[in-house]
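**Student:** can't give you the sequence, but here's the structure:
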């Protein structure tokens, strides 16, 4: 009996292996279906990864990435010695923090209003405020230009004379841009960001509200004692996930909307625009890659930590 | 139930807020539309207004009748959107289906392989060097089509979770036992059941391709006949900036040769027109898609 058991063990594992192969053979067409997508991700996302070594090299076009000379941390030292690293980090995080807070407050407010309105127009409201989300940033930059153009823009030629203030050279005055960019971001994104909150609210049990109404709770009281507390988990998840992405910025917003005006750089340059300019304008690939590595690594750590926290609170809401 | 006074005030306030937001959402688009329909001399004299003195269709006449480059860019945009959406759907659907199959050996590993691309990426420069040096897509149509837009981890995951939750494994097993090949099962059973999610992902991909200016900006350098309408709009901004910054005396002359403001605004209206036209029909589907993605969106 004992000997038989020992003898059976290898046969058993072999059987398992054969079974696995058979199963894989059965699923062969499924693997083939997955193949184009897998190859695409390999080319688009995995093949570039070794190229990150460029951040530690002195790039020469002739020698390519692999032939270029190793220079250690010099590119990073260069990046952090200049004001650039500080400015791009400050702008990226600063704008994102403002975006997160304002987006949260406004999106929740709009979602609550839309959920409580009784008019049949509310569908229309929702559709129209979502519309800007579908415009490309290039087009948005033209829309903004129609208002802010120094010579003919609506603000300078209609609003300024009627309210009696001077014409402003919008594209040369950095002090206005934090407000403009925040406004444009909210304008474009509010319809999108209220969708998830709205659908969550619509999923709440209406009986709670009816019970509260019978107990004499008015609309405002219902909102603050029922809707917002019930929304809390959703809010926490969305905010944490946004914090995880705090090192990334909407490249189009910061690059296109200010029309790439050089004099606005101090308030419009973010990590993403810095990387782009390094590649397309300054042709400084190693510094650009170094900034990219900086972003990828800190971004990765932030996403992982945010996700860890989300997992602790509610496993189902975590990314993984 | 009797409407309380508080309820009435809330309704009035809520409607007011939403009406203001609705106006704010469309006002800029309306201004650009009106500018594009304003006589160019009037624009220079009065600035951009909602109620111009003199209207004109000259800008549209120019972009659609007189300037072959703009018409071509428009066609490129349509071709790119059609080709891109079709390819993206084919790749995303098949991949999502594969990793949704219960019992597929290595399923978890494949899922992680896709998911990881959402967590970490090499950034712009290594990707650029890879595409340009290894695949030579610079100044080709592939430069517009392939980088980043063809298949995204987010869309794959969205579709996968739809397959897992809406297509019971029993149906697939039943098809297998009935002797259907995997290909037949996919085309005759899975695709018809997945129509809603295919429509949603198709919409995401279509919008992404139509609105994309990034790929054209990075990968199209000399082949200006491959500019999409977005790239052409982008290029005009670039040229204006370049001319404004150059101290060359000939710059002033060149500026006057640039398309007039009304033409530029007409081009951007042309750039959003297809989106505006399909918007009423697809907007519901879009909202459903986002809701499906839930907080993970």
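**Tutor:** Here it is on my side, so go on. For clarity, every value in this text was computed on a predicted model and none was experimentally measured.
**Student:** going forward, measure contacts between C-alpha atoms and count neighbours the same way
**Tutor:** Noted.
**Student:** so where's chain A uncertain?
**Tutor:** For chain A, the stretches flagged by pLDDT under 70 are A:1-12, A:317, A:319.
**Student:** check which helix or strand covers the closest residue to residue A:285 other than its chain neighbours.
**Tutor:** Sequence neighbours aside, residue A:279 is the residue nearest to residue A:285 in space, at 5.6 Å (criterion: CA to CA, 6 or more residues apart in numbering or on different chains). Taking DSSP states H and E as the criterion, residue A:279 maps to helix A:271-280.
**Student:** what sits up against that helix?
**Tutor:** A:88-89, A:92, A:247-251, A:254-255, A:283-285, A:287-289, A:291-292, A:295, B:124-125, B:218 (CA atoms under 8 Å, 6 or more residues apart in numbering or on different chains).
**Student:** ok, residue A:261 - how many residues close by?
**Tutor:** Residues lying near residue A:261 (other CA atoms under 10 Å in any protein chain shown) number 17.
**Student:** Which phi and psi values does it adopt?
**Tutor:** Backbone torsions for residue A:261, taken as degrees, to the nearest 10, come to phi -70, psi 130.
**Student:** Just say helix, strand or coil for the closest residue to residue A:55 other than its chain neighbours.
**Tutor:** Using CA to CA, 6+ apart and skipping residues adjacent in sequence, the residue nearest residue A:55 is residue A:290, 4.5 Å away. Reduced to three states with DSSP: H, G, I helix; E, B strand; the rest coil, the structure at residue A:290 is helix.
**Student:** for residue A:290, what are its contacts?
**Tutor:** Listed by CA under 8 Å, 6+ apart, the contact set of residue A:290 reads A:54-56, A:75-76, A:79.
**Student:** Next, format those residues as TSV and append distance to residue B:285.
**Tutor:** Formatted as TSV, the contacts of residue A:290 follow (distance: CA to CA, whole Å):
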residue	distance to residue B:285
A:54	43
A:55	43
A:56	47
A:75	47
A:76	46
A:79	45
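**Student:** Looking at these, which is nearest chain B?
**Tutor:** Nearest to chain B among these is residue A:54, at 7.9 Å by CA to the nearest CA.
**Student:** quick one: the closest one and residue A:67 touch, right?
**Tutor:** No: assessed by CA atoms under 8 Å, residue A:54 is found out of contact with residue A:67, at 10.4 Å.
**Student:** okay, the two: which has more neighbours?
**Tutor:** Under the criterion of other CA under 10 Å, the comparison of residue A:54 against residue A:67 puts residue A:54 first, with 26 against 13.
**Student:** residue contacts, that one?
**Tutor:** For residue A:54, the contact set (CA under 8 Å, 6+ apart) comprises A:65, A:285-286, A:289-290, B:126.
**Student:** In chain A, which residue is most central in space?
**Tutor:** The residue lying closest to the centre of chain A (CA atoms, centre = their mean) is residue A:245, at 5.6 Å.
**Student:** Any chance of the backbone angles for it?
**Tutor:** The phi/psi pair for residue A:245 (degrees, to the nearest 10) is phi -100, psi 20.
**Student:** Residue A:173 now?
**Tutor:** phi -110, psi 100.
**Student:** number of nearby residues for the nearest residue to it once chain neighbours are set aside?
**Tutor:** Computed as CA to CA, 6+ apart, the closest residue to residue A:173 that is not its neighbour in sequence is residue A:264, at 6.7 Å. Number of residues near residue A:264 (other CA under 10 Å) recorded here: 19.
**Student:** thinking again about what came up before, I figured the residue nearest to the centre of chain A was touching residue A:303, is that so?
**Tutor:** Yes: between residue A:245 and residue A:303 there is a contact under CA under 8 Å: 6.4 Å.
**Student:** ok, and the residue in the stretch 51-200 of chain B positioned nearest to chain A, which helix or strand is that part of?
**Tutor:** Relative to chain A, the nearest point of the stretch 51-200 of chain B is residue B:95 (4.2 Å; CA to the nearest CA). Using DSSP H and E, residue B:95 sits in helix B:68-100.
**Student:** tell me the angle of the helix or strand following that helix relative to helix B:68-100?
**Tutor:** Per DSSP H and E, the first helix or strand lying C-terminal to helix B:68-100 is helix B:107-119. Using axes from the mean of the first three to the mean of the last three CA atoms, to 10 degrees, the inter-axis angle of helix B:107-119 relative to helix B:68-100 is 140 degrees.
**Student:** Any buried residues in helix B:107-119, and which?
**Tutor:** B:107, B:111, B:113-115, B:117-119 (16 or more other CA atoms under 10 Å in any protein chain shown).
**Student:** picking up where we left off before, list the contacts of the residue of the stretch 51-200 of chain B closest to chain A.
**Tutor:** Contacts of residue B:95 were listed using CA under 8 Å, 6+ apart, and they are A:33-38, B:156.
**Student:** Which residues are in contact with residue A:261?
**Tutor:** A:171-172, B:241.
**Student:** Residue A:151 in helix, strand or coil?
**Tutor:** When classified by three-state DSSP, residue A:151 comes out as coil.
**Student:** Count the residues that sit near it.
**Tutor:** 17.
**Student:** Now it: phi and psi?
**Tutor:** phi -80, psi -50.
**Student:** Okay, it and chain B: tell me how far apart.
**Tutor:** If you measure residue A:151 against chain B using CA to the nearest CA, to the nearest Å, the figure is 7 Å.
**Student:** Does that residue touch residue B:47 like I think?
**Tutor:** Yes: the criterion here is CA under 8 Å, and residue A:151 meets it with residue B:47 at 7.3 Å.
**Student:** ok, residue A:116 - contacts?
**Tutor:** With CA under 8 Å, 6+ apart, residue A:116 has these contacts: residue B:11.
**Student:** correct me, but residue B:102 touches residue B:170?
**Tutor:** No: taking contacts as CA under 8 Å, residue B:102 lies outside contact range of residue B:170: 10.4 Å.
**Student:** Please report how far residue A:31 lies from residue A:22.
**Tutor:** 14 Å (CA to CA, to the nearest Å).
**Student:** Of these two, which one has the most company?
**Tutor:** residue A:31 (21 against 12).
**Student:** count of neighbours near residue B:104?
**Tutor:** 18.
**Student:** check contacts around it.
**Tutor:** A:23-24, A:27, B:98.
**Student:** Point out the other elements, helices or strands, that the helix or strand hosting residue A:238 touches.
**Tutor:** Assigned by DSSP H and E, residue A:238 belongs to helix A:228-244. Other elements packing on helix A:228-244 under the criterion 3 or more CA pairs under 8 Å, 6 or more residues apart in numbering or on different chains; DSSP states H and E are helix A:83-116, helix A:177-202, helix A:285-313.
**Student:** Apply 6 Å and report the result again.
**Tutor:** Where contact means 3 or more CA pairs under 6 Å, 6 or more residues apart in numbering or on different chains; DSSP states H and E, helix A:228-244 is packed against helix A:285-313.
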